[in-house]
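Chemist: Okay, sequence plus prediction incoming.
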Amino acid sequence: MITCTRYHDISCGHRVYGHEGKCAHLHGHNYRITFTCAGDRDDVGRVIDFSVIKARLCEWLEENYDHRFLIWEKDPIAEDLRRLDPAVVFVPFNPTAENIAEHLVRVVAPKQLEGTGVTLVRCEVEETRKCSAAFSL
Ligand SMILES: Nc1nc2c(c(=O)[nH]1)N=C([C@H](O)[C@H](O)COP(=O)(O)OP(=O)(O)OP(=O)(O)O)CN2
């Protein structure tokens, strides 16, 4: 398999509902999110132009997650947070690095990459330089 990769950095708030320690508090990270796409090479020899990954996936992060607070829609404090800041992002998962990575691969990328002929096969979400999770198809 031949793949093509680009990362993007965003700042984002979240809390992990049910966490036994400090991650249950509202806090944030400077996330690095790395996208790996797979597909056939075109006549030029590319899986996908790097600029298309930027336009389709990195820009989606900028518009939807950057400088926003991610909260699980079933989190008991979700509605309170929305009253404080209507720009809070309700997500259908507890926002761990693992769940963010899986959502980007399974839900966001298929729509964003429609018509390109490539698939997002792996997404790595780094909360810090030390800690990350990745989801692969
Ligand atoms: N498997 C996962 N474990 C944890 C996640 C996660 O998404 N997946 N998330 C968190 C918290 O978001 C937390 O902010 C990060 O925790 P931790 O690494 O313990 O915190 P620090 O980076 O501050 O590390 P220290 O060096 O211990 O200060 C927790 N776990």
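Modeler: Great, that's in hand.
Chemist: Using neighbour counts, pick out the buried residues of the lowest-mean-pLDDT helix or strand in the chain.
Modeler: Lowest by mean pLDDT, DSSP states H and E among the helices and strands of the chain is helix 78-84, with a mean of 94. Within helix 78-84, the residues scored as buried using 16 or more other Cβ atoms under 10 Å are Leu81. Quick note: C-beta positions are derived from backbone N, CA and C, even for glycine.
Chemist: again with stretch 10-27
Modeler: Within stretch 10-27, the residues scored as buried using 16+ other Cβ under 10 Å are 10, 12-17.
Chemist: can you give me phi and psi for the residue located most distally from the centre of the chain?
Modeler: Taking Cα atoms, centre = their mean, the residue of the chain most remote from its mean C-alpha position is Asp43, at 30.2 Å. Backbone geometry at Asp43, expressed as degrees, to the nearest 10, gives phi -60, psi -30.
Chemist: ok, now which ones touch it?
Modeler: Under the criterion of Cβ atoms under 8 Å, 6 or more residues apart in numbering, Asp43 has no contact partners.
Chemist: where along the chain do the helices fall?
Modeler: Using DSSP state H, the helices of the chain run over 50-53, 59-64, 78-84, 97-103, 109-112.
Chemist: Present the ones you listed as JSON lines; the columns should include distance to the ligand.
Modeler: Converted to JSON lines, these look like this (distance: least, Cβ to the nearest ligand atom, whole Å):
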{"stretch": "helix 50-53", "distance to the ligand": "24"}
{"stretch": "helix 59-64", "distance to the ligand": "17"}
{"stretch": "helix 78-84", "distance to the ligand": "16"}
{"stretch": "helix 97-103", "distance to the ligand": "4"}
{"stretch": "helix 109-112", "distance to the ligand": "19"}
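Chemist: Deepest-packed of the ones you listed, please.
Modeler: Sort the helices of the chain by mean neighbour count, taking mean count of other Cβ atoms under 10 Å, and helix 97-103 sits at the top with a mean of 20.
Chemist: State the mean pLDDT of it.
Modeler: Here helix 97-103 scores 98 as its mean pLDDT.
Chemist: Quick one, grab the pLDDT at the residue farthest from the centre of the chain.
Modeler: Listed pLDDT for Asp43 reads 96.
Chemist: That concludes my questions; thank you for your assistance.
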